[in-house]
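Coordinates for the following, if possible.
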Amino acid sequence: MLSRIAILDGARIPFQQSGTIYKKLIAYDLVNGCFNGLLNRNEEIKKNIDLVTVGTVMQEVKTNNLARESTINCGLSPIVPAQTISQACISSSRAVCSGAESILSGNANVVLAGGVETFSDVPIRHSKKMREFLISTPKEMKKGTLNMMKHVGTLKAKDFKPEFPSISNFTTGEVMGATSEKIAKRFVVSREEQDEFSLRSHTLAHSAHEQGLYSDEIVEFMGTKRENNIRGNLKLADLQKLRPAFGKGGTHTAANSSGLTDGATGCLLSSEEHAKKMGKTPLGYLKSWVFTGTNPYEEMLLGPAYAIPKLLRKNNLTLADIDVFEIHEAFAGQILANIKAMDSDSFDARKIGLIPEEKLNLWGGSLAIGHPLGASNIRNIITACHRLDREGGNLAVVSACADGGLASALLIERV
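Next up is the predicted model:
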């Protein structure tokens, strides 16, 4: 690489359970709230932005290039190009790395990267038959009233049933929870372990809020900086009472799975040299990154167990060299299966050892904070930077799995 990528600043609006505080807003509103909060404290950088890149999954058809609409809303120059990226749950890490690659190629000096998702306003469509009917209706109307009546008569009651966004993978037909059950069983992750890990996530996230660890990371939006999915008073006995969510005899429940969440994240990037020229001290440096895939039929959510070893080998590092780990918690079973896989002899050449719990997700994770699909990984990146600074570490690994068997792993270096 020609240069390390400086993470100049980063923020998120408080993540909230879907159907609550943000229920009347669309993704456009959420990402604007985050970007405006971030840019308001970086006015000196705002005029230097050369590219805006945003990750999201369930796109609103009215704002199909969400990044461009946000560019205009946030008062950036209209000549600034913008792109919207969709790569399932690693959309925001792809947005960050795409921006970094634009910087390294010399096509940008400063990039605004973000991620956003809302489950409060998902794109619900008419059925395929109804869509065909509506598209052909103007043509049929020109043929006269009798023909139009015949056209209407082609509709059946079932055609009025709406189509909701699928929570299953298009290729395999399997929901993520079922896939997580599969890999948890493969690597012998018990229900007890999953419930205990979920409790840990909530306890740590609640503590982080109470200690003010997120004070610089969260920008106030709609009058609050609090996140309403975190349960500080959760008891293990409460989790143990819940029934399996993905089939009889399963180990995954609503409590040890990440919930439906609305939220947005953003960060500012530049080259290390450009940061110095602007007189800006970064939060940290993005030093290296990898993206990879797995067999979606068997290992849909096992991507971090492939991506993290690949990242370490690429940089001639071992687990012992890493001080901070921020790994996405889609399900407790998923993250624990990945951790066990990387320490398993059955994972052959990819075995790298056991990630120490005392280095992992110490400010809570997606199980507690929530998981707005397109936004989560920038949250992990910014938290990793703050943790490195607070804990005095040097290197952090940020990793996540994604639908389709995809995964990312990023190496962050302390300033």
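
which sections of this structure are below the confidence cut-off?
Where the chain drops to pLDDT under 70, the residues are 1-2, 349.

Where do the helices of the stretch 151-300 of the chain begin and end?
For the stretch 151-300 of the chain, helices defined by DSSP state H, counting those that start in this stretch occupy the ranges 176-186, 191-210, 236-240, 272-278, 296-299.

Pick the most deeply packed of the ones you listed.
helix 176-186 (a mean of 23; mean count of other Cβ atoms under 10 Å). (Each C-beta comes from the backbone N, C-alpha and C, glycine too.)

which residues of the stretch 101-250 of the chain fall in strands?
110-117 (DSSP state E, counting those that start in this stretch).

mind listing what the residue lying closest to Q240 once chain neighbours are set aside touches?
Closest residue to Q240 apart from its sequence neighbours, by Cβ to Cβ, 6 or more residues apart in numbering: D195 at 5.9 Å. When contacts are counted by Cβ atoms under 8 Å, 6 or more residues apart in numbering, D195 touches L236, L239, Q240, T253, A255, N256, A332.

same question, H209
H209 neighbours (Cβ under 8 Å, 6+ apart): R226, E227, I230.

Please work out how many residues are found near the spatially closest residue to K161 that is not a sequence neighbour.
Excluding the flanking residues, the one nearest K161 by Cβ to Cβ, 6+ apart is S127, at 5.8 Å. Number of residues near S127 (other Cβ atoms under 10 Å) recorded here: 16.

quick one, what contacts the nearest residue to C267 once chain neighbours are set aside?
Excluding its sequence neighbours, the residue lying closest to C267 (Cβ to Cβ, 6+ apart) is G10, at 3.5 Å. Residues in contact with G10 (Cβ under 8 Å, 6+ apart) are L38, E217, T265, G266, C267, L268, L283, I378, I381, I382, C385.

Dump these to JSON lines, plus neighbour count.
Shown next, in JSON lines, are these (neighbours: other Cβ atoms under 10 Å):
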{"residue": "L38", "neighbour count": "26"}
{"residue": "E217", "neighbour count": "20"}
{"residue": "T265", "neighbour count": "35"}
{"residue": "G266", "neighbour count": "32"}
{"residue": "C267", "neighbour count": "28"}
{"residue": "L268", "neighbour count": "28"}
{"residue": "L283", "neighbour count": "23"}
{"residue": "I378", "neighbour count": "29"}
{"residue": "I381", "neighbour count": "25"}
{"residue": "I382", "neighbour count": "27"}
{"residue": "C385", "neighbour count": "28"}
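
Take the residues you listed and keep only those in strands.
Among those, the members falling in strands (DSSP state E) are T265, G266, C267, L268.

Distance-wise, check the closest residue to N169 other than its chain neighbours relative to K128.
Take N169 and drop its neighbours on the chain: the residue closest to it by Cβ to Cβ, 6+ apart is D403, 5.8 Å away. Applying Cβ to Cβ, to the nearest Å, the value for D403 to K128 is 22 Å.

More neighbours: which of the two?
Higher neighbour count among D403 and K128: D403, with 23 against 10, using other Cβ under 10 Å.

wait, doesn't the more buried one sit right on C89?
Yes - assessed by Cβ atoms under 8 Å, D403 is found in contact with C89 at 6.4 Å.

which residues sit in contact with L234?
L199, H202, T203.

Am I right that A320 is in a helix?
Yes - residue state for A320 (DSSP: H, G, I helix; E, B strand; the rest coil) corresponds to a helix.

That one: how many residues sit nearby?
A320, neighbours per other Cβ under 10 Å, totals 9.

The one 5 residues further on now?
F325 is flanked by 24 other residues according to other Cβ under 10 Å.

rewinding a little: what sits against the residue nearest to K161?
K158, D159, F160, K161, P162, E163.

Tell me the secondary structure at the nearest residue to I381 once chain neighbours are set aside.
Distances taken as Cβ to Cβ, 6+ apart put V398 closest to I381, at 5.3 Å, once the chain neighbours are dropped. Using three-state DSSP, the secondary structure recorded for V398 is strand.

which residues touch V398?
S93, E326, I327, N377, N380, I381, A384, A409, L410, I412.

any chance of the residues you listed in a markdown table, plus distance to G115?
As requested, the contacts of V398 are exported to a markdown table (distance: Cβ to Cβ, whole Å):
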| residue | distance to G115 |
| --- | --- |
| S93 | 8 |
| E326 | 15 |
| I327 | 17 |
| N377 | 7 |
| N380 | 11 |
| I381 | 10 |
| A384 | 15 |
| A409 | 17 |
| L410 | 14 |
| I412 | 17 |
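
Which residue ranges make up the domains of the chain?
Domain ranges of the chain: 5-123+262-278, 176-214+284-413, per automatic domain parsing.

Quick check: which of these is nearest to H151?
domain 5-123+262-278 (24.8 Å; Cβ to Cβ).
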